[in-house]
Every structure is written in structure tokens, then in C-alpha cells.
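Participant: build me a model from this:
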Amino acid sequence: MAKIDKLRNIGIVAHIDAGKTTVTERFLFHSGVIHKVGEVHDGQAQTDWMELERERGITITAAATTLPWRNHEIHLLDTPGHVDFTIEVERSLRVLDGAVVVLCAVGGVEPQSETVWRQADKFRVPRMAFINKMDRVGADFAAVVTEIRERLGANAVPLQLPVGAEDGFEGILDLVRMKFLRLTGDLGKPEDAGPIPDEHLEIAKAARERMVEAAADVDDAIAEKFLSDEEPTEVELIAALRRGCIGLDLIPVLCGAALRNKGIQPLLDGVIDYLPSPTDLPAIGGVDPSDPERRLERHPEAKEPLAALVFKIAIDDGRRLIYMRIFSGEISPGMSVHNVRAGAREKIARLFSMHANRRERLNKAGPGSIVAAAGLKLATTGDTLCDEEHPILLERIDTYEPVISVAIESRTQAGKDKLDFSLGKLEEEDPTVRVRVDEDTGQTLISGMGELHLEVLTDRLKRDFGVEVAVGKPQVLYRETIHLPAKGSSTFERKLKEAQLFGAVGCAIAPRERGAGNRIVSALDPGAGHPRAMIDAALAGLEEAAELGPEGFPMTDVEARLLTIEYREDAEPQVGLKVAASEAFRSAVEQAKPLQLEPIMAVEVTVPEENLGAVIGDLRQRRAQVHDVGGRGETHLVSAHVPLSQMFGYSTELRSLSKGRATFTMRFHAYDNLTA
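Facilitator: I've put the predicted structure just below:
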């Protein structure tokens, strides 16, 4: 186990097809972990280990691996680029110290690039940018740097400049060391570094001056030298750029062509030079589980009490593997840990370092480590594991609500129990999966983030669990809300066997802003002296009623206020109040003009100019609101909001309209009014 200041916990994140997995594959080769490079397009990449990933040529699940470089140990997560699997990026960034954002030199800042950037902003993850595919036709380094600044609002600071582009991409100007790196593309050979040729010297000097000026903005010592026209040393400059990167004040930008093996070793050097070790970052913060107002901290030290966060569950050969990041303290096999959410003690049976789906047994893991553990039966994504004597609750990992579902059933009666078991395992692995039984039809419905997500889930049922299933057509998951404020009241009185039930409740409801969610509160006079148990029973009734609207869909963006309650101690008051509250809520909804909401998707289409009119016309037929039509060269980027119900089969139609030249991405935007 490396010293903690020699650790780098990083993720490779990007838009789909920008080259994340190819970069990861080159990292593994150059560091000596693998001895033969596997290509994504051949289905041979190490971190795309699932059969589905290899067939489809995409990353579906975040894969963890470890590699050495320059006497450091890099823990690396290769994450998916497709928006349907964005939870994999979210939960990975939650436990990482730094990230390499891979951008295509042709496509630039693409839609999912923005999504992963916002996710990294959310967790304040230091990052560097790698502009990949400099050998592609249309590659434009300067244009991508401008997009990073303008579309992402980041202080992009090039530390390299490409020499040539497309077929003529032959090298890199290293502005920190003022060297010319001739990129041969030969696997396993170090980059050939030499003096910068005279024809590139003026451009390099001007770019270096801009880089030094950016470093001076975040480092006083560099600023003094800059103002005195003194040249900072290489060590001073790297230290200043590192501070700026870790402090989120600047984004180092490098370039290359991963598929052609160009620029990978300088990128690995950049990971060591500019991204943080666990000791470079603030202590992890949490709260005391018994007193959420009391803030606690844990420093990345072995002698501190244990604090670890579970960020992923994987089912491997039918057994649960718990992926966790250790922030403080140490873990070893046989050790008991406290699960804060479950309020229970769990035992670590075995501990592993992971290389994609291959495991290596560990005897101990300390702060900064990303490991997998077996034996934990209760742990789920977002759980805190800690020392029972020194409990701490770390911030949980946000999840996303699914927007699309399909009906699914076993093709054989014998397979039904196996299907239920398998769906439970998929739900356990993926927080964005929901499984429920429709009360009206008795059908089992599986919900997810998009058509591809559902396809992958149903494929996995067959491949991983051996369940043959019949799948219905995708169905949109609607929501309901209200248009007007209203009041409702209800009195419930009934005799049930020997028990008398009674409760009377009055409530008021009002619409909230889109995306605000539901809010259930008590507006009872505190001086009335109602017992807390009675208030809680009525509030529980309001919450239960808000789960389904008049049309049978979940309600959202509604505020419900409890106004009055009446009860009799001799008549099972809690049951009576709960039922009366539910009926009062439904009565109020009837008067409040309920309306249906549908998932609206943010769609971005990259299309050649000659097909632009046809694509926009087709989007408008799908009830799209087109917000922006940007251009870059001969291609245009159309941004629109479109109802999900209108997007089924869109990929086929788009290929037809553009003769296969246009591409699109789609992500959930908001629930909004269902319009004709």
C-alpha cells in the first residue's frame, strides 16, 4: 500500500465516444499492468469487462482498477459516457479526489461533457482536461479550449499545444518544460523530447507567458517573478499550477490521440503533477448521527476513527461486492464495522483490490483506498461505515428518478420466482432502477433512465441470471400535480370488530414551483396541546395520499398543510386520523384542478447544415421547443426540450433524415404540463 501522499484517486469522465476507455487502456499498458492493448471497437478493453459492454462498444458500469506510475499508486474509475448510466458517474465522483475530463477535438464540449462537468462542480472535484482525437478530421484544439471557457465557465489553461492536426498531428509543445515532444505512437516507448523547433518558438513563448500569468493569479511567488520578468523554475511552475488546479482556480489542458498512442505518458505525468492526493484536500465532513446539528470531521489518517462511504453494489457470481472509499482509519478482513443507516454492526469477510472484474485479496486497507468488500449483508449505496465508538454520518449519494418503464414477465411459470429474485438484485445494484407491481393489471413493471437502460437491464436478466423474459413496449412514467389552491376536510368513523375508529382532519393544499417536490407540514396551533403522535398520524395520512393522484400517477410539486384535527382517545385515534387525512387530501385535490405532467427531455442534435431544416421540422412535429441552434464549422447543434413520449424510435428517424450523419443525446430535464 502506497504512502497516502503518493495516492491519486481519479476518474476518467466524458461524453460518450470521446475516448475514456481507450485512455484508460493506454494508462494500463504504459504502467505495465497489461502487456497487450485491447481496443473498445474490438470488444477487448480491460475495463469493459461485461459481455454487454464488449458487444455494444460502450461502458455501462464504472470499473475500478489500480496502476503504478512514477512511484505513485493511481486508483482509477473508468465511467460510462451515456446519459442513461449517469448515476455511475455521480457516485464515482462522490468518492474521487480528481478527474480527467476527456473531450473530443472534433465534437468539443458535448452535452454529456456539460453533465459530468456539473457533477464534478457539485462535489468540488479538481480536474484536468485532455483534448483527445487530435488526429481526427476537423480536430481543432483552440476551438475546444474556447468552448471549455465559454460553455463550462472554466479557466482553461493549456499546458501543451499540438503541432499539426488530423493526419499531420506529429507532436506536442510542452509549455511547462519548453520542450517539443515528437509523438511516434509507438507503444511502450517514451516520448522523444527535444528543443522546440524555431518555427514554433514564438507561438510557444506567447502561450507559455499566458500560462505563467494564469499561475501568477493563484500564486504570489510566481506573481512576483512574473512582474519582475523573471522566469520561474519548472518545479515552481508545476507547484503553482497544482495549487491552482486543486483549488479549482484553473483547469490544466493537455492534448493527444489515445487510439494512436499519442500524448498518454505526458497525461499520466499530469495526473501525478496536478491532481491531488487525499492529503491535499480538506478533511471529509459529516454529522453526528445522534445530533445532526453537530458537524464532525475525519482526516485521511490511519490513526483516526474509521469513516468509509459505500458508493456501489455489484453482484458477482451471485455474491454481493460492496465498493467503498475509505476516508479515515483502516479496514481489515474479520473486522466489524458500524452501518449508520441500518444501526447495526456488520462484518468484513474479505477485502479486495479490484482490476475491473478481477480481484486481488488484501490484508488491510487504509485512508485514501478504494476497495471492495464481501460479507456485508445490509450495506447499500450511500451508506456510511464507521467505528461504532466514534459514529459519523457522511453525506449520502443523490440518485435520480426513473422516467420510463416496461412491463416484464417470465416466459415460464417456473421462472417467476427466479425473475423476482433477479429483479431484486438489479434494484440493489442500481439506485435508478425501480420495480413495482401494477395494482390494476398485476403486471411487473421495471423502470429506468431511458430505452438503452431498460434494454441493458432486460439483457442482463437473461445473460447474468438465466431468466427468459417477455418485455412489453416502453411506457412513459407520468406525474400529477394541481393548478389551484384548495381546502378539504373529512371525518372518518367506523366500528371494526371490537375497535371503534374515529378521526376528523382539515387540510389545505397549494401548487409549488416545478421541480420543488412535495412538502407536507403541520399548521396546527402549537398551543392547542395536540400529542405529537396524533399530528404524526395525520401527516402520515397526507403523505400517503400524495403518493398517487386521481389518475393513479405519483403527485409532485404540492404543498399540503394540516389545519385541524379531532380525535377521541377511546376510538383508535391514530388510525382514524390517518384515514381522515388521506380522504381530506383527496377531497382538496378534486377542487384544485389536478393536471398531468410528463417527463420533458433536454435533447441536443448534432447535424450537418444540409440536414438542419429537416431535423428541426421533425423535432417540431414531436412538440419540441427549440431553444438554440449553434454552429461549428459545417455542423450545427440544435438544443430543444421534447416530451419523452415523442422520442421513441427517434434514433432510427434521425439516421434516415441525415443519411446517418447526425447524432443526438437526451437527458431528463423536468416534469411539465402535458400538452396536446
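Participant: okay, CA-based contacts and neighbour counts for the rest of this
Facilitator: Noted.
Participant: which stretches of the stretch 201-350 of the chain aren't confidently modelled?
Facilitator: 318 (pLDDT under 70).
Participant: show me where it has helices.
Facilitator: 220-227, 234-246, 264-274 (DSSP state H, counting those that start in this stretch).
Participant: other residues contacting stretch 143-154?
Facilitator: 103, 105, 108-109, 114, 117, 131, 155-156, 158, 250-251, 253 (Cα atoms under 8 Å, 6 or more residues apart in numbering).
Participant: reformat the helices of the stretch 201-350 of the chain as JSON lines; add distance to G138.
Facilitator: JSON lines is the format used below for these (distance: least, Cα to Cα, whole Å):
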{"stretch": "helix 220-227", "distance to G138": "36"}
{"stretch": "helix 234-246", "distance to G138": "29"}
{"stretch": "helix 264-274", "distance to G138": "21"}
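Participant: ok so, going back, from the contacts of stretch 143-154, pick the one nearest D316.
Facilitator: W117 (30.7 Å; Cα to Cα).
Participant: distance check, that closest one against F123.
Facilitator: As for W117, its distance to F123 is 10 Å (criterion: Cα to Cα, to the nearest Å).
Participant: ok, those two, which is more surrounded?
Facilitator: W117 (19 against 14; other Cα atoms under 10 Å).
Participant: and for the more buried one, nearest residue in space, chain neighbours not counted?
Facilitator: L152 (7.4 Å; Cα to Cα, 6 or more residues apart in numbering).
Participant: tell me the contacts of V521?
Facilitator: L539, E559, A560, R561, L562.
Participant: at 10 Å instead, please
Facilitator: Contact analysis of V521 by Cα atoms under 10 Å, 6 or more residues apart in numbering lists C507, I535, D536, L539, L542, E543, E559, A560, R561, L562, L563.
Participant: which of these lies closest to F465?
Facilitator: E543 (36.5 Å).
Participant: hang on, isn't the closest one packed against A581?
Facilitator: Yes: in this structure, E543 is within contact of A581 by Cα atoms under 10 Å, at 9.0 Å.
Participant: so these two - more neighbours on which side?
Facilitator: When E543 and A581 are compared for neighbours, A581 comes out ahead with 33 against 20, by other Cα under 10 Å.
Participant: just name the shakiest helix or strand of the chain by mean pLDDT.
Facilitator: helix 51-56 (a mean of 53; mean pLDDT, DSSP states H and E).
Participant: distance of the residue positioned nearest the centre of the chain relative to Q591?
Facilitator: By Cα atoms, centre = their mean, the mean C-alpha position of the chain lies nearest to E90, the distance being 2.1 Å. In this view, E90 and Q591 are 40 Å apart by Cα to Cα.
Participant: check T115 too.
Facilitator: 40 Å.
Participant: ok, these two, which is more surrounded?
Facilitator: Shown here are T115 and Q591; by other Cα under 10 Å, T115 has more neighbours (20 against 16).
Participant: report the contact partners of that one.
Facilitator: T115 sits next to A14, H15, G81, V83, T86, V89, E90, D121, L152, R667 when contact means Cα under 10 Å, 6+ apart.
Participant: now F180: which helix or strand?
Facilitator: strand 179-182 (DSSP states H and E).
Participant: buried residues in the helix or strand that that strand is followed by, which are they?
Facilitator: Moving toward the C-terminus from strand 179-182, the next helix or strand (DSSP H and E) is strand 192-194. Buried residues in strand 192-194, counted by 16 or more other Cα atoms under 10 Å: A193.
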